[in-house]
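Chemist: for reference, the sequence and a predicted model appear below.
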Amino acid sequence: MLHIDLLTKTFGHHTAVDRATIRVDRPMMIGVIGRSGAGKSTLLRMLNRLEDSTSGAIRFEGRDVTRLAGADKRAWQADCAMIFQQFNLVPRMDVVSNVLHGTLNRRSTLASLFSLYPTADIHRAIDILDRLGIAEHAPKRAEALSGGQQQRVAIARALMQDPKIILADEPIASLDPMNAQVVMEALRRIHEEDGRMVIANLHTLDTARRYCDRVIGMRDGRIVFDGTPAQLTTGMAREIYGADARFSEEATSTEIEAIDRVTTRQMPITA
Ligand SMILES: Nc1ncnc2c1ncn2[C@@H]1O[C@H](COP(=O)(O)OP(=O)(O)OP(=O)(O)O)[C@@H](O)[C@H]1O
Ligand SMILES: [Mg+2]
């Protein structure tokens, strides 16, 4: 269903994503891992056309989405809803209106301008919030909710678009462990119950292992691992992160970067 072929993105002389090739033939929950700067966000942003690719193709159900423009591009962006680390809600707006924002790209400009939402949409928004366990917060301002609740509002807004794919860029990086678990379980349930594909950039390896069917490891823009959590050995994880023996599964990509920097400095230079 999703075939990514030799997808490349360069910024000036720097190649952020280097000939990435990924084939997904059924809806899966996929975790993308790799240290800071590996190209994870750029890959996701090209997928939903927030960023144009330099070369390569993205085919979804046979169509090359890198070539879509105008209304077709907007329809694709609705098909692959994006969730961000910082939730991207309108803080002072109430929760249910934030969720209804997920329908904006299929409503007329005039109706959007006056925030005129069909009753059916409002009911659907409440149902989705209920499913995510936060319906009681519907009338509150988004900023009054905890981080984990706000991220579930962002997921609800994504679901309003009835997407085929949910792309999540470090959805739990700003959350405490308890809220992180609630959000990952919500994404997993959406995948299992609705059969939607979920592709999430994750900053710890253990999260990818626990929730995903498939893990993609990126290093310096290239895909260096693509397999099941069981196939992802500690040795392979070290290869992805380029980390030394102190590497741990719970370490975040940023921590690994810091460990590596210190180690490199301490290492004697040998010819
Ligand atoms: N708009 C841009 N202009 C120039 N360089 C960019 C741009 N966006 C990303 N890059 C570069 O591309 C590379 C990949 O960045 P990207 O944000 O995709 O990494 P990442 O794996 O998501 O990292 P992180 O874990 O820190 O979020 C980095 O070297 C980054 O500096
Ligand atoms: Mg990123």
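Modeler: Structure's in. What do you need? Ligands and ions are numbered 1, 2, ... in the order given.
Chemist: alpha carbons only for contacts and neighbour counts from here, please
Modeler: Noted.
Chemist: how far off centre is whichever strand or helix holds residue 235?
Modeler: Assigning secondary structure by DSSP states H and E places residue 235 in helix 234-241. With CA atoms, centre = their mean, to the nearest Å as the basis, helix 234-241 stands 22 Å off its chain's centre.
Chemist: what's the answer for stretch 64-82, then?
Modeler: Distance, stretch centre to chain centre, for stretch 64-82: 16 Å (CA atoms, centre = their mean).
Chemist: do stretch 187-196 as well
Modeler: In terms of CA atoms, centre = their mean, the centre of stretch 187-196 is found 14 Å from the chain centre.
Chemist: ok, now stretch 151-161?
Modeler: The mean C-alpha position of stretch 151-161 is separated from the chain mean by 13 Å, CA atoms, centre = their mean.
Chemist: ok, now stretch 35-52?
Modeler: On the basis of CA atoms, centre = their mean, stretch 35-52 sits 10 Å off its chain's mean C-alpha point.
Chemist: ok, is that stretch in contact with ligand 1 or not?
Modeler: Yes - counting by CA under 6 Å from any ligand atom, ligand 1 is contacted by stretch 35-52 at 35, 36, 37, 38, 39, 40, 41, 42.
Chemist: my read is that the last one contacts residue 51, right?
Modeler: Yep, that's residue 42 we're talking about. Yes - using CA atoms under 8 Å, residue 42 makes contact with residue 51 at a distance of 7.3 Å.
Chemist: which one of those two is surrounded by more residues?
Modeler: Using other CA atoms under 10 Å as the criterion, residue 42 and residue 51 rank with residue 42 on top: 21 against 15.
Chemist: ok, the more buried one - contacts?
Modeler: For residue 42, the contact set (CA atoms under 8 Å, 6 or more residues apart in numbering) comprises 9, 16, 17, 51.
Chemist: list the beta-bridge partners for the first one.
Modeler: Partner residues in beta bridges with residue 9: residue 17, with DSSP bridges as the criterion.
Chemist: what about it, neighbour count?
Modeler: Neighbour tally, residue 9, other CA under 10 Å: 24.
Chemist: since that was my last question, I'll sign off now.
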